[in-house]
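**Student:** Kindly return the folded structure for what I paste below:
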Amino acid sequence: MGALVGSAAFASPVLLNAGEPAAAYSAPVPLSDSRKIRDLSGVWKFQVDIQDIGEKEKWYASGNEGTDWGAGLVPQAWDCYEEGLWQYEGVAWYKTVIAARDFDASRISSILFRRVMYHSKLWVNGEYVGENTNGYLPFEFDISALLKPDQNNTITLRADNRPRLEWLPAAKEIEWILYGGILGKVFLTGVAPLHISDLTITTSGKDEKAVVHCRVEIVNKGKSPVSTQVLIEVMREGTVVKKTMPVKLGKDATGSFNLDLEIESPAWWSPESPDLYTAKGSLLNKGMVVDDLSERFGIRTIVAEGQAILLNGKPLLIKGVNRYDDYGRMGPTPPEQLVREELKMIKSTGVNMIRVHYPQNPDLLDLYDEYGFLMMEEIPFCWWGGKDAVQSVDILQQAKPALSTMIKRDKNHPCIIIWSMCNECITTNEAAITVLRDLLTQAKTLDPSRLVTYVLNGYENPLESKAYDKADVIAINTYNGSIQGTPSHHIADIEKNGYEPFVQKMTKHRKDMPDKPMYLGEFGSPGIRNIHGDLYNSEEFQAAYIKRIWEAIMDVGGLSGGILWCWADYYHRQHFVKYTAFGPYGVVSTDRRPKKSFDTLKQIFSKK
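**Tutor:** Presented below is the predicted three-dimensional model:
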């Protein structure tokens, strides 16, 4: 029913019958054994609001059930519902119901949205709950007081994906499509007044012994102080290591408690061996589990030492690709099987790292953990200061909460080794230096176990980008002979316009800044599938360019590799460029058909 995930063409939503529940429920998500969790994903009632009159007409009001609305699949971008909504930037509304059977009035009931693009407002039974202004990260509201146990409860969401300069990505020009609507799963969770609110896992050690450091945050919303126990179990392939400690909390209080567990003969996580463990935290009362929370993690270490990045104590050569999380006209929510097939395809080339310009869907990060891809995760802060835009430290009001939420949500994924503050922003003025130093310090405070950086445009001099003094590594995007510097018209031009200026520039950067690891955040050139010859934009030109620039990266010396722009062709946002609807920089097309550069990537990344 509704728009079909996985259809290569657009699928039409169908109308729901009056009174029919608008949510397709599935089994609870395996995050907890003791909590009541409902996946509210499925078919919701949907209405587009092109004239933006919904709030004025109170579409959220109690009694307005949207019986004459259409239907849309959640999660899925509204761009994929109908061709007329492709790249629609504006307002649309969603409705679903929470039945009395779906929640327990004795528990704290919260609704969690993993990703809604971009500005969203929520009502429950006509009562305003709150809003969110970051489309790439989750938000959650306690709706216990608004749910009525004797009826179906109506949930109404207004989503608006129109960009604003004062919000992230904080630029007048945005490259990627701002897919509209509910793009991530939606959950209704019910927890006991005494519960685990967060579980943070870091690891240390070497060779035959590792230590798993667990920090458990516990909340007591009860009216009396409590004395209980917290149990941590670390599990892999039937082996369990466990530890308990007593816990005391006052009424309406929150506390953090640390436990360390030693693991003998650990399985170290790496791209070559992506071995995973599960950590389960449980609150015990007289031996009974009151609440529990599980997280998957990997045992690995990442540090910067001199000019090297060390993964598990060994130098890392980054062989990466940038990848937008969309899949042609299926948008950002293709079927899992297609994603798995794609990740196997990426793995076959020797790629060990993936980067993108905004936080990723946690389901996708789970797959990166599983397949052994390193990850450089970035807040959606891109091209700030371009096109004569005024830069102000006020952007921290948007950037700091985004950074905090991203790290809190994704901190246990072993795939993530670097937090990135921005991409290709103007970084050399006083406001920019202040903002980036603040963000780098915040990231390192929240998570000292990972590396931090920001990615510089190749036109800027890293010596003048003073905030790098707070970064662990230096990342630079360079496209000499492609879209920067003197353009190459033919393959023969790549040597003079691409290789030589690249080596000259990066050698100077390496000499000027010798104390930190340095790598390419982006390099690449367009290549349109089935266009052949030695001209720029042909498959042959793209393959030759990628090969020669990778050789340049290896020839400079002291670089920790590079990340190709990019893995797959991607659709541009409307009017981004006039000559094409998509960015043909991928080694595969939007539907993942290989170009000549695919084989080139496999060739260069397979070399030791």
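
**Student:** Over to Ala159. Which of the three states is it?
**Tutor:** The three-state label given to Ala159 by DSSP: H, G, I helix; E, B strand; the rest coil is strand.

**Student:** Met117 is in contact with that one, correct?
**Tutor:** Yes: between Ala159 and Met117 a contact is recorded at 6.7 Å, counting by C-beta atoms under 8 Å. All C-beta atoms are positioned from the backbone trio N, CA, C, and that covers glycine.

**Student:** list residues touching both of the two?
**Tutor:** 180-181 (C-beta atoms under 8 Å, 6 or more residues apart in numbering).

**Student:** any idea how far His575 is from Cys214?
**Tutor:** Using C-beta to C-beta, to the nearest Å, Cys214 is found at 49 Å from His575.

**Student:** So between these two, which is more surrounded?
**Tutor:** Cys214 (21 against 8; other C-beta atoms under 10 Å).

**Student:** Show me what the strand or helix carrying that one is packed up against.
**Tutor:** According to DSSP states H and E, Cys214 maps onto strand 209-220. Judged by 3 or more C-beta pairs under 8 Å, 6 or more residues apart in numbering; DSSP states H and E, strand 209-220 is in contact with strand 194-206, strand 226-236, strand 239-249, strand 253-264, strand 277-285.

**Student:** Contacts for the shortest one, please.
**Tutor:** Strand 277-285 is contacted from outside by 34, 194-196, 199, 201, 212, 214, 216, 218, 228-236, 244, 247, 267, 289-299, using C-beta under 8 Å, 6+ apart.

**Student:** again, but for the second one
**Tutor:** Under the contact criterion C-beta under 8 Å, 6+ apart, strand 226-236 has outside partners 194, 196, 212, 214, 216, 218, 220, 240-249, 257, 259, 261, 263, 267, 275-285, 290.

**Student:** what lines up beside it in the sheet?
**Tutor:** strand 239-249 (antiparallel), strand 277-285 (antiparallel) (DSSP bridges).

**Student:** Run the angle between the last one and strand 253-264 for me.
**Tutor:** By that I understand strand 277-285. Counting by axes from the mean of the first three to the mean of the last three C-alpha atoms, to 10 degrees, strand 277-285 lies at 130 degrees to strand 253-264.

**Student:** tell me which residues in the very next helix or strand once past strand 277-285 are buried?
**Tutor:** Sequence order places strand 288-297 as the next helix or strand after strand 277-285, per DSSP H and E. Residues of strand 288-297 classed as buried: 290-295, 297 (neighbour count, 16 or more other C-beta atoms under 10 Å).

**Student:** go on, stretch 75-91?
**Tutor:** 75-82, 85-91.

**Student:** Stretch 597-608 now?
**Tutor:** Buried, per 16+ other C-beta under 10 Å, within stretch 597-608: 597-598, 600-601, 604-605.

**Student:** next one: it to chain centre, how far?
**Tutor:** 26 Å (C-alpha atoms, centre = their mean, to the nearest Å).

**Student:** Other residues contacting that stretch?
**Tutor:** By C-beta under 8 Å, 6+ apart, stretch 597-608 touches 319, 321, 348-351, 527, 539, 542-543, 546-547, 550-551, 564, 587-588.

**Student:** now stretch 331-351
**Tutor:** Counting by C-beta under 8 Å, 6+ apart, 5-6, 75-77, 79-80, 177, 179, 183, 319-321, 323, 325-327, 330, 354, 361, 363-364, 367-368, 371-373, 567, 587-588, 592, 598, 601-602, 605-606 sit against stretch 331-351.

**Student:** Those residues in helices, which ones?
**Tutor:** Counting by DSSP state H, the contacts of stretch 331-351 place 363-364, 367-368, 371, 598, 601-602, 605 in helices.

**Student:** Mind putting these into CSV with pLDDT and distance to Trp419?
**Tutor:** CSV is the format used below for the ones in helices among the contacts of stretch 331-351 (pLDDT from 0 to 100; distance: C-beta to C-beta, whole Å):
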residue, pLDDT, distance to Trp419
Asp363, 94, 20
Leu364, 95, 17
Leu367, 97, 20
Tyr368, 98, 15
Tyr371, 98, 21
Phe598, 98, 30
Leu601, 98, 26
Lys602, 97, 29
Phe605, 97, 24
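
**Student:** out of these, which one sits closest to Asn153?
**Tutor:** Nearest to Asn153 out of the ones in helices among the contacts of stretch 331-351 is Asp363 (C-beta to C-beta; 26.6 Å).

**Student:** Just list the residues touching that closest one, thanks.
**Tutor:** Going by C-beta under 8 Å, 6+ apart, the list of residues near Asp363 reads 185, 336.

**Student:** Neighbouring strands - and their directions - for the strand holding Cys214?
**Tutor:** strand 194-206 (antiparallel), strand 253-264 (antiparallel).

**Student:** So for Pro501, which of those strands sits nearest?
**Tutor:** strand 194-206 (41.6 Å).

**Student:** Next, the angle from that closest one to strand 288-297.
**Tutor:** Orientation of strand 194-206 against strand 288-297 (the same axes, to 10 degrees) gives an angle of 40 degrees.

**Student:** Can you give me the buried ones in strand 194-206?
**Tutor:** Under 16+ other C-beta under 10 Å, the buried positions of strand 194-206 are 194-196, 198-203, 205.

**Student:** Next, the contact list for the residue nearest to the spatial centre of the chain, please.
**Tutor:** Taking C-alpha atoms, centre = their mean as the criterion, Gln360 is the residue nearest the geometric centre of the chain, at 1.7 Å. Counting by C-beta under 8 Å, 6+ apart, Gln360 touches 325, 368, 375, 377, 410.
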